[in-house]
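Colleague: pasting the sequence and the predicted coordinates here, then a few questions.
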There are 2 protein chains.
Amino acid sequence: MKLKKINHKDIKDILLKRSNHSAISLQQIDETVERIMQSVRLEGDRAVYQYIKQLDGVELESFKVLEQEIEEAFNQVDASSVQILSEAKENILSYHKLQKEKSWYTNDQQGIWLGQQVTPIERVGVYVPGGKASYPSTVLMSILPAKVAGVEKVVVTTPVQSNGSIHPTTLVAASMAGADEILKIGGAHGIATLAYGTETIEPVHKIVGPGNAYVARAKKYVFGDVGIDLIAGPSEVCILADESANPQFVAADLLAQAEHDELASAIAVTTSEQLGSEIQVEIKRQMKHRNRQEILNESITNHGCIYIVDGLTSAFKFVNELAPEHLELQVENPFEQLEKVKHAGAIFLGNYSPEPLGDYFAGPNHTLPTNGTAKFSSPLGVYDFMKKSSVIYYDEKALNQVRQQVERFAESEGLDAHKESVRIRFEQ
Amino acid sequence: MKLKKINHKDIKDILLKRSNHSAISLQQIDETVERIMQSVRLEGDRAVYQYIKQLDGVELESFKVLEQEIEEAFNQVDASSVQILSEAKENILSYHKLQKEKSWYTNDQQGIWLGQQVTPIERVGVYVPGGKASYPSTVLMSILPAKVAGVEKVVVTTPVQSNGSIHPTTLVAASMAGADEILKIGGAHGIATLAYGTETIEPVHKIVGPGNAYVARAKKYVFGDVGIDLIAGPSEVCILADESANPQFVAADLLAQAEHDELASAIAVTTSEQLGSEIQVEIKRQMKHRNRQEILNESITNHGCIYIVDGLTSAFKFVNELAPEHLELQVENPFEQLEKVKHAGAIFLGNYSPEPLGDYFAGPNHTLPTNGTAKFSSPLGVYDFMKKSSVIYYDEKALNQVRQQVERFAESEGLDAHKESVRIRFEQ
């Protein structure tokens, strides 16, 4: 892993260079996505079955998962896994319940009520990546916040395996989380089915969940017709460590991030040159014992780095420019440093809060803003599945008191029917 | 205005047909937008000045509004207008302050802290439509929530007038709301400048504000690179009225909506056939006295309708399928009906809360989800200018207590470096 001393002034430039690696051409993907979206809109189920055959290589009789298939999945997954999923579910529910917003009203002024009514989205689609692998944690993290919000219908869609079924752990997790319908449709055709519906599927109002480049572009395509959550890129961690940190822990956490995929970024920033060197040595040592050698090698070589900075001020400047998906603060008194963090998806404090704890178990959501988007977006949460309506009530007297101002305002914007709608109420 | 009796069962079909009117081809717009976006990204200021010349017909020396121009604008706007803007500002601030979320932390379990840190977005861009007209209300409604959120830098951009300046009322409103920088750049080149920056403009992290089709598609283009608010379509009102309603008021409010533009929708739904006919007569009568005859005619003829339904249950079914931008409840005991509203941008209660009151003055935001998007999105608000970070802290003992579960979970997802990052902490 590279080790680089950097200067206060370099920070912006370094990060600018880093961000370039994501700028690949998307034109070809977009053309394919557009073709798929239009086919599904025009031809419905027929197009969906055809894409499943063409792209997933499976001829399905029905893309809807049957009750019986879910029962079989429970038989295939061992009881201890179900038990752990169940504990994770409880932790996720506890945390997310604290996010639920309530409607509010205020009547500070005589004859006036103002408020904000908060209501759940009615139907939501959850995309679960898959195929050979199963990510039950993603299933729980996507469905449970929707259920806490009060969403009536959660439709899960995930790519079908070559044997025509869905990975049993995915089915078990989806069922435990309360999915109302599960579809065997992956890729852009999965997103199209959720957004526009078919003869047999009612369209949803919002789609969440991570996926490959086709899924990401398909989500962007449907954005506006339905709501979507953030568009996820490769995963990242930034570990801010001072001389109190343990290089073994830092190295292990960097490798945990790097094993996700070749594009994952594992970055440390430290105020201690000695710690930096020790992390470097540890990475080398620990890496040999890990399974995913190739992925680790690529990720660490191309996107990993240990940056040495001249103090905590520079370190936080670096962190806030990076706006990492995951931030670990392995520093003395991490709670005191917390307010210096301006932009990060999730913040892990101290030496015993490694990022994988948050991936699976602690409760906060693991679907987080990547690639600097923490500067303007949030973890997936209950707030993604609710929306607000403003509420305005004036009685006659209250309206009468402000009518001149409203009429003048309407006049100044040149809208006489706006003015009239107030005036007419006081005509006689 | 058409009057239609509709049946409980027809509601979905009717609304399906209505929604088709927005399905126009966007390919040509998209190609133009993409060209503009790429030019500004590649050539920066030079491209921006060239598009201002080409599309706005003005050769500018600088697209930044100078302090002096703002002072001059204050001289041009009369004092009573400034006074009304100032009252509106106070109302908007009071309401939006109630939306501001606070960070929270919980430590229900021994050795565990979980939380959600809420922080403002750092730099925000506000697009203000313009040219000849001025919409000071939009200026206030877009900038003030950002300021309440704590945004450090708000950059406003708006099309330049043919004389090289910006409408003085826009400048006055922007200055009063606390804009930190004002640019004379409209259209897609304005969005590109905000999203990607130039040699002289620092890019922002999120862009809000309504605009024409080019602006809307440009916002969709930059979505993901920066955050955007909802993409606004033509404005709509739905007035739910029972036999207690006043047909004059209902008609006036429908016309207020219809005068916005030819594509605006003014719809009434009523349980009283008699009221329906009376509204129809009133529309005809009042319309003659209004200024914007052509717009009113087109809007009312093509998109206006009075629907008669068989009771309040059907009426609310209609409303919730429509998910209107503005909903007026001119019914007896409107507060009691409020919870039947599942989807609407803003809800106006009773006979003395006409929609123009909300446009300018009452305080809640007037940038609202249109075209059914209230099913999944919210009014512009302080929450659009803040974002969340999850916070996770476990001490050694707490991590030790859950380590087996986390390790098993990592194992089940096939990620051994994840497992190791927990295990290594308890090695000796």
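Modeller: That came in fine, so what should we check first? Numbers count the residues shown, from 1 in each chain, chains lettered A, B, ... in the order given.
Colleague: list the contacts of A:Val281.
Modeller: A:Pro247 (CB atoms under 8 Å, 6 or more residues apart in numbering or on different chains). Bear in mind the C-beta positions are built from the backbone N, C-alpha and C, glycine included.
Colleague: can you pull up the bridge partners for A:Ile267?
Modeller: A:Cys238, A:Cys305 (DSSP bridges).
Colleague: is the strand or helix carrying A:Val250 positioned near chain B?
Modeller: For A:Val250, the host element (DSSP states H and E) is helix A:247-258. Yes - judged by CB under 8 Å from any CB of the partner chain, helix A:247-258 comes into contact with chain B at A:Gln248, A:Phe249, A:Ala252, A:Asp253, A:Leu255, A:Ala256, A:Ala258.
Colleague: buried among the residues you listed? Make that a ChimeraX selection.
Modeller: A single ChimeraX command selects the buried members of those (16 or more other CB atoms under 10 Å in any protein chain shown):
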select /A:248,249,252,253,255,256,258
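Colleague: I'd like the residues of helix A:247-258 next to chain B written out as TSV, with pLDDT and distance to B:Gly150 added.
Modeller: Listed next are the residues of helix A:247-258 next to chain B as TSV, based on pLDDT from 0 to 100; distance: CB to CB, whole Å:
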residue	pLDDT	distance to B:Gly150
A:Gln248	97	39
A:Phe249	98	34
A:Ala252	97	37
A:Asp253	98	32
A:Leu255	97	37
A:Ala256	96	34
A:Ala258	95	35
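Colleague: A:Glu59: how many residues sit nearby?
Modeller: By other CB atoms under 10 Å in any protein chain shown, 10 other residues sit near A:Glu59.
Colleague: which residues sit against the longest helix seen in chain A?
Modeller: Taking DSSP state H as the criterion, chain A has its longest helix at helix A:79-97. For helix A:79-97, contacts defined as CB under 8 Å, 6+ apart pick out A:74, A:136-137, A:140-141, A:144-145, A:148, A:169, A:172-173, A:176-177, A:360-365, A:381-382, B:108, B:114, B:405, B:408-409, B:412.
Colleague: go through those residues and flag which are in helices.
Modeller: Counting by DSSP H, the part of the contacts of helix A:79-97 found in helices is A:74, A:136-137, A:140-141, A:144-145, A:148, A:169, A:172-173, A:176-177, A:360, B:405, B:408-409, B:412.
Colleague: now, which of the residues of helix A:247-258 next to chain B sits nearest B:Asp242?
Modeller: A:Ala256 (61.5 Å; CB to CB).
Colleague: bridged to the residue in the stretch 101-250 of chain A positioned nearest to chain B, which residues?
Modeller: Using CB to the nearest CB, A:Gly227 is the residue of the stretch 101-250 of chain A that sits closest to chain B, at 3.6 Å. Applying DSSP bridges to A:Gly227 gives these bridge partners: A:Lys206.
Colleague: got the buried residues for the longest helix of chain A?
Modeller: A:Ser81, A:Ile84, A:Leu85, A:Ala88, A:Lys89, A:Asn91, A:Ile92, A:Leu93, A:Tyr95, A:His96.
Colleague: contacts only, for A:Gly350.
Modeller: Contact analysis of A:Gly350 by CB under 8 Å, 6+ apart lists A:Leu329, A:Gln330, A:Pro334, B:Tyr393, B:Tyr394, B:Asp395.
Colleague: quick one: A:Val155 is in a strand?
Modeller: Yes - according to DSSP: H, G, I helix; E, B strand; the rest coil, A:Val155 belongs to a strand.
Colleague: so A:Ile201, which of the three states?
Modeller: Under three-state DSSP, A:Ile201 falls in the coil class.
Colleague: can you get me a residue count around it?
Modeller: Counted with other CB under 10 Å, the neighbours of A:Ile201 add up to 21.
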